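**Student:** no sequence on hand, only this structure:
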């Protein structure tokens with residue numbers, strides 16, 4: 001009798017697992033193939049062919065995707081764009097004026113190309129958020145490319161091994177950028193999962209990839225982001241944001257006291273170089289005017305070569321002063337973080353987790369704001385508005401004629 005019950009229980013669990021796997025396979029099968037491949041190409045093609053005609057391949061692909069998207073109908077009507085688009089336009093005009101008026105230093109990047117890349121990133125995010133480009137399919141395409149990147153790095157030898165040794169970079173040119181990419185994509189894939197098993201697998205795989213990148217900040221940021229999704233629904237708003245501030249303190253404490261412990265004991269040399277770069281960066285921050293020195297100026301000259309800042313907050317301040325810094329931080333915090341909302345959907349919680357992770361990474365991983373990875377997080381945050389419980393309830397109460405939202409999930 002006991003054996004019979006055990007058999008039935010085992011069969012029940014087996015059936016549930018088969019149903020979940022079948023649902024997962026159906027979920028993947030429903031993805032828009034072109035959009036999936038576009039996300040895949042933005043890593044793989046851009047990694048194999050970094051530039052075409054002197055222009056970064058990734059920027060060319062994004063420009064093409066945005067052009068195609070304008071011929072597609074949106075899936076979501078996003079209320080947030082009524083505020084976001086004018087704010088971004090004002091920010092872009094400001095930084096363009098500052099950059100055009102400034103006298104560029106000898107090794108500065110071309111501010112025009114940098115501004116075009118930033119504008120293209122935001123346009124791409126808007127296309128993803130509105131469903132003109134399938135956000136879910138694109139995220140899965142990026143995730144597939146990042147999984148392929150692991151064997152590409154170690155088996156095919158596609159790596160920047162002369163600079164980063166055995167750390168995972170592969171089709172991504174920088175260890176810190178790789179850490180940021182795996183962190184953001186891990187959170188996004190986690191957000192799209194519906195079962196405990198698939199979410200657990202996402203966390204384990206992401207942490208494994210992050211460990212291979214050697215990016216301590218990205219590992220901590222991802223772990224804190226997942227904890228945020230799990231713990232913050234049980235906490236009042238004020239406690240949540242005290243927790244977020246505490247996360248910054250924990251990362252700073254670990255970096256200052258345990259950065260070279262255990263597996264990281266051989267990082268003394270690289271940490272010393274980072275310290276020298278940070279010291280030179282701090283001097284440049286202190287010498288910059290309040291309105292900034294223009295895009296492309298967030299670098300220092302050290303040991304006969306240029307080094308980009310390791311702090312994205314400092315980068316924003318040097319390039320566009322306190323105005324650009326406030327713009328970068330507030331768009332991340334307000335659009336993604338929604339610090340004053342109390343009633344949250346799972347999607348809004350994931351959006352908050354992305355904001356926490358990005359702000360943590362911005363303190364130590366170099367360029368974070370206005371990158372492709374920041375743009376993906378921005379797109380998810382704007383899409384997450386369609387799941388706002390208050391607006392969904394209002395729609396249900398007033399009927400389908402209520403604008404500004406449709407709560408259709410991404411294709």
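**Tutor:** Nice, I can see it. If you're wondering where the values come from, they're calculated on a predicted model, not measured in any experiment.
**Student:** from now on I want contacts and neighbour counts done on CA atoms only, so please keep to that.
**Tutor:** OK.
**Student:** counting neighbours, what do you get for residue 189?
**Tutor:** 19 (other C-alpha atoms under 10 Å).
**Student:** how much space between it and residue 294?
**Tutor:** 35 Å (C-alpha to C-alpha, to the nearest Å).
**Student:** residue 331 too?
**Tutor:** Taking C-alpha to C-alpha, one finds residue 331 at 20 Å from residue 294.
**Student:** tell me which of these two has more neighbours.
**Tutor:** Between residue 331 and residue 294, residue 294 has the larger neighbour count (other C-alpha under 10 Å), namely 28 against 17.
**Student:** assign a three-state SS to that one, would you?
**Tutor:** Of the three states, residue 294 takes coil under DSSP: H, G, I helix; E, B strand; the rest coil.
**Student:** contacts only, for it.
**Tutor:** 95, 96, 98, 99, 100, 102, 104, 111, 318, 319, 320 (C-alpha atoms under 8 Å, 6 or more residues apart in numbering).
**Student:** for ChimeraX, write the selection for the buried entries among those.
**Tutor:** Buried members of the contacts of residue 294, defined by 16 or more other C-alpha atoms under 10 Å, are picked up in ChimeraX with:
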select :95,96,98,99,104,111,318,319,320
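**Student:** make sure I have this right: residue 156 is in a strand.
**Tutor:** No - using three-state DSSP, the assignment for residue 156 is coil, not a strand.
**Student:** quick one, phi/psi of it?
**Tutor:** Note on residue 156: its backbone torsions stand at phi -90, psi -10 [degrees, to the nearest 10].
**Student:** any idea how far residue 135 is from it?
**Tutor:** Relative to residue 135, and taking C-alpha to C-alpha, residue 156 is found at 30 Å.
**Student:** who's more crowded, these two?
**Tutor:** residue 135 (28 against 11).
**Student:** all helices for the stretch 201-350 of the chain, in order.
**Tutor:** 216-231, 237-257, 268-287, 312-330, 337, 346-362 (DSSP state H, counting those that start in this stretch).
**Student:** between those, which one is nearest to residue 166?
**Tutor:** Checking the helices of the stretch 201-350 of the chain against residue 166 by C-alpha to C-alpha gives helix 268-287 as the closest, at 14.3 Å.
**Student:** now find how far off-centre that closest one is within its chain.
**Tutor:** 25 Å (C-alpha atoms, centre = their mean, to the nearest Å).
**Student:** buried residues in it, which are they?
**Tutor:** 274, 277, 278, 280, 281, 282, 284, 285.
**Student:** need the contact partners of it.
**Tutor:** 260, 298, 299, 300, 302, 307, 309, 310, 311, 314, 317, 318.
**Student:** type out the ChimeraX command that picks the buried ones from these.
**Tutor:** To isolate the buried ones among those in ChimeraX, judged by 16+ other C-alpha under 10 Å, type:
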select :298,299,300,307,309,310,311,314,317,318
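**Student:** so residue 319 is in contact with residue 290, correct?
**Tutor:** No - contact criterion C-alpha atoms under 8 Å: residue 319 and residue 290 do not qualify, at 9.9 Å.
**Student:** inside helices: which ones of the contacts of residue 294?
**Tutor:** 95, 96, 98, 99, 100, 111, 318, 319, 320 (DSSP state H).
**Student:** lowest pLDDT pick from these?
**Tutor:** Ranked by pLDDT, the ones in helices among the contacts of residue 294 bottom out at residue 111, which scores 93.
**Student:** for that one, which non-adjacent residue is closest in space?
**Tutor:** residue 295 (4.9 Å; C-alpha to C-alpha, 6 or more residues apart in numbering).
**Student:** what's the neighbour count on that neighbour?
**Tutor:** 26.
**Student:** wait, what's in contact with it?
**Tutor:** 95, 99, 109, 110, 111, 114, 115, 319, 320.
**Student:** looking at those residues, which is nearest residue 143?
**Tutor:** Of those, the one sitting nearest to residue 143 (C-alpha to C-alpha) turns out to be residue 114, at 25.7 Å.
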